[in-house]
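J.: Provided below are the primary sequence and the corresponding predicted coordinates.
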Amino acid sequence: MTTLSLKAIAAVLLLGGSGLTMAANDGQSRANELLSADAQYRETWQGVVKKEERLPEWVMNLSGTAEQMNAVEEDGDKYLVGPLCETADTCLSKRLIVAFSLDKEDAYAMLVEVPAGLPADKSPTRHADYRFIGKPDEGMQKLLMEQLKKDPNWY
């Protein structure tokens with residue numbers, strides 16, 4: 001049994017930095033918890049939003065309702081990506097897709113707003129306004145859009 005424990009310890013030591021990637025991909029992180037959980041996330045996000053004008057309070061503070069985040073790769077870099085909504089009830093009309101680099105140095109987001117009260121037979125994609133935050137390049141914009149399209153209620 002001791003041998004197994006030593007092997008387990010050795011494996012953990014060998015994996016080293018990849019532990020962050022696995023932790024980021026275990027679905028435990030949520031966008032509305034990042035800023036309070038880690039000062040570096042908070043500092044990075046504040047650096048991004050201070051350059052923006054007229055953002056809603058829930059976007060500035062990453063507060064609201066969030067689903068789990070996932071590790072995603074874009075152009076060789078890994079990001080923690082997930083959705084955030086102002087409230088569960090307004091998720092179809094006001095949502096944010098957030099991406100933080102795993103090194104916590106970069107953050108990007110896409111604010112998606114659909115007119116409230118849009119009839120169910122109207123496609124939200126055709127009536128949505130998209131606002132990119134943090135000056136994402138074309139690849140990152142595509143990644144954020146792909147994350148939005150994974151929502152089964154988004155058509």
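T.: Ah, there it is.
J.: beyond the lowest-mean-pLDDT helix or strand in the chain, next helix or strand please.
T.: Across the helices and strands of the chain, mean confidence by mean pLDDT, DSSP states H and E is lowest for helix 18-24: a mean of 37. Going down the chain from helix 18-24, the next helix or strand is helix 31-37, by DSSP states H and E.
J.: summarise which helices and strands that following helix is packed against.
T.: helix 39-49, strand 65-66, strand 77-85, strand 94-101 (3 or more Cβ pairs under 8 Å, 6 or more residues apart in numbering; DSSP states H and E). C-beta: built from backbone N, CA, C; applies to glycine.
J.: please repeat the previous calculation with a cut-off of 7 Å.
T.: helix 39-49, strand 77-85 (3 or more Cβ pairs under 7 Å, 6 or more residues apart in numbering; DSSP states H and E).
J.: how many neighbours does Gly76 have?
T.: By other Cβ atoms under 10 Å, the residues close to Gly76 number 5.
J.: quick check: phi and psi on it?
T.: phi 80, psi -10 (degrees, to the nearest 10).
J.: what does Lys150 give?
T.: Per degrees, to the nearest 10, the backbone of Lys150 is at phi -70, psi -20.
J.: how much space separates it from Ala116?
T.: 23 Å (Cβ to Cβ, to the nearest Å).
J.: so who does Ile97 touch?
T.: For Ile97, the contact set (Cβ atoms under 7 Å, 6 or more residues apart in numbering) comprises Val81, Pro83, Ala109, Met110, Leu144, Gln147, Leu148.
J.: next, the buried residues of the helix or strand containing the fifth one.
T.: Right, Leu144. Secondary-structure element containing Leu144, defined by DSSP H and E: helix 138-149. Neighbour-count burial for helix 138-149 flags Met140, Leu143, Leu144, Gln147, Leu148 (criterion: 16 or more other Cβ atoms under 10 Å).
J.: what packs against that helix?
T.: Using 3+ Cβ pairs under 7 Å, 6+ apart: helix 138-149 touches strand 70-74, strand 94-101, strand 107-113.
J.: between the ones you listed, which one is nearest to Lys122?
T.: strand 107-113 (14.5 Å; Cβ to Cβ).
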